[in-house]
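**Student:** Below is the structure, and that's it, no one-letter string:
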């Protein structure tokens, strides 16, 4: 068997003279490695020569919102002029306005959100985790106080309280 031959492959039969010997080909592997390296270098040069064509777009302004499911709103020419415009980030919480009628005065509102810096002396408040706080002071007369909360897309909620004058 010649020394440069690696692995005998039987041609036919079991006789030694019927074997074909394969010569090793180290050049084949070197050529493959060289070709892959060249392709990688070409790729790097092509990508580094390409100008940066990325664009940075801010998409957090002028979103349209309505708190209902509107048929046909997926069409691009849909009229959303009556929808509310808002900017992101938005917490999508329930926004409520409070009305006090009768013998009481609205003193303030809160929602328990530690990040909400809205002052307390307003009649409108966003709910936080579904909760809002309303502070009402009764008048000196005493009597019926009616608190109504109004929020778009939700049924109005009413709370009736009776206050009494303590005294003399």
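**Tutor:** That came in fine, so what should we check first? Just so it is clear, the model here is predicted, and its values are computed rather than measured.

**Student:** which stretches of the chain aren't confidently modelled?
**Tutor:** The chain contains residues with pLDDT under 70 at 1-29, 43-52, 88-94, 167-168.

**Student:** Could you list the domains of the chain?
**Tutor:** Domain assignment for the chain, taken from automatic domain parsing, gives 8-49, 94-168.

**Student:** Quick check: which of those domains is nearest to residue 70?
**Tutor:** Closest approach to residue 70 among those is made by domain 94-168 (11.3 Å; CB to CB). C-beta: built from backbone N, CA, C; applies to glycine.

**Student:** Could you check how far that closest one is from the centre of its chain?
**Tutor:** Its chain's C-alpha centre and that of domain 94-168 lie 32 Å apart, by CA atoms, centre = their mean, to the nearest Å.

**Student:** contacting residues for residue 62?
**Tutor:** Residue 62 makes contacts with 85, 87, as judged by CB atoms under 8 Å, 6 or more residues apart in numbering.

**Student:** separation between it and residue 73?
**Tutor:** Taking CB to CB, to the nearest Å as the criterion, residue 62 is separated from residue 73 by 16 Å.

**Student:** hmm, back to that, out of the domains of the chain, deepest packed?
**Tutor:** Scoring the domains of the chain by mean neighbour count under mean count of other CB atoms under 10 Å gives domain 94-168 as the most buried, with a mean of 14.

**Student:** Where do the helices of the chain begin and end?
**Tutor:** Counting by DSSP state H, the chain has helices at residues 26-49.

**Student:** What segments of it are strands?
**Tutor:** Taking DSSP state E as the test, the strands found in the chain are 8-10, 19-21, 63-65, 84-86, 95-102, 104-110, 124-126, 133-138, 143-150, 157-163.
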